[in-house]
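S.K.: Sequence first, then the predicted structure:
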Amino acid sequence: MEVLHPAGWAPAIGYANGIAARGRIVFVAGQVGWDEQQKFHSEDIVPQFDQALRNVLAILAEAGGKPEHICRMTAFCCDKPMYLAARNQLGRIWREHMGKHYPAMSMIFVSDLLDSPGKIELEATAVIPDNT
């Protein structure tokens, strides 16, 4: 996996501008903050983000993947003020599960999510190297 960062660009903070990789591609559909029985345990973005990220990683593990194989992640959030207020806590959860791995990422604020009372949804693309 190669992080793509054009010369002269300011550093990307908390994400990569681009990733190049070779191997088995795994697409993970949008995951919300519910458990394996599709039950939400909180309406707060922090525990929902934690669970959604755990869900992404559980699906990736089914393909033999690890957090560092994630090349792209998109987050859809329907509460921008709640997200901004929780950024430090979300960063702590990210580092707990992902370490210092930062894929190419996008954050999109939407009016609502399909699964209520979901506040955040994560989808990911991973590339598992051929040699693993």
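M.R.: All right, it came through fine.

S.K.: who touches residue 31 in this structure?
M.R.: The neighbours of residue 31, taking CB atoms under 8 Å, 6 or more residues apart in numbering as the test, are 52, 53, 55, 56, 59, 121, 122, 123. Bear in mind the C-beta positions are built from the backbone N, C-alpha and C, glycine included.

S.K.: swap that for residue 123, please
M.R.: Each residue near residue 123 by CB under 8 Å, 6+ apart is listed here: 28, 29, 30, 31, 56, 73, 74, 76.

S.K.: Specify which member of those residues is nearest to residue 64.
M.R.: Among the contacts of residue 123, residue 28 lies closest to residue 64 (CB to CB), at 13.4 Å.

S.K.: hang on, that closest one packs against residue 60?
M.R.: Yes. Using CB atoms under 8 Å, residue 28 is in contact with residue 60, at 6.1 Å.

S.K.: Between these two, point out the one with more neighbours.
M.R.: A count of neighbours by other CB atoms under 10 Å puts residue 28 above the other of residue 28 and residue 60, at 22 against 19.

S.K.: Can you flag the buried ones in the contacts of residue 123?
M.R.: By neighbour count, with 16 or more other CB atoms under 10 Å, these hold 28, 30, 31, 56, 73, 76 as buried.

S.K.: about what we covered before: now the common contact residues for residue 28 and residue 60.
M.R.: Here residue 28 and residue 60 share the contacting residues 124, 126, scored by CB under 8 Å, 6+ apart.

S.K.: how about the helices of this protein, start to end?
M.R.: Secondary structure of the chain (DSSP state H): helices at 45-62, 80-85, 87-98.

S.K.: Which of those has the highest mean neighbour count?
M.R.: helix 45-62 (a mean of 19; mean count of other CB atoms under 10 Å).

S.K.: Give me the angle between that one and helix 87-98.
M.R.: 20 degrees (axes from the mean of the first three to the mean of the last three CA atoms, to 10 degrees).
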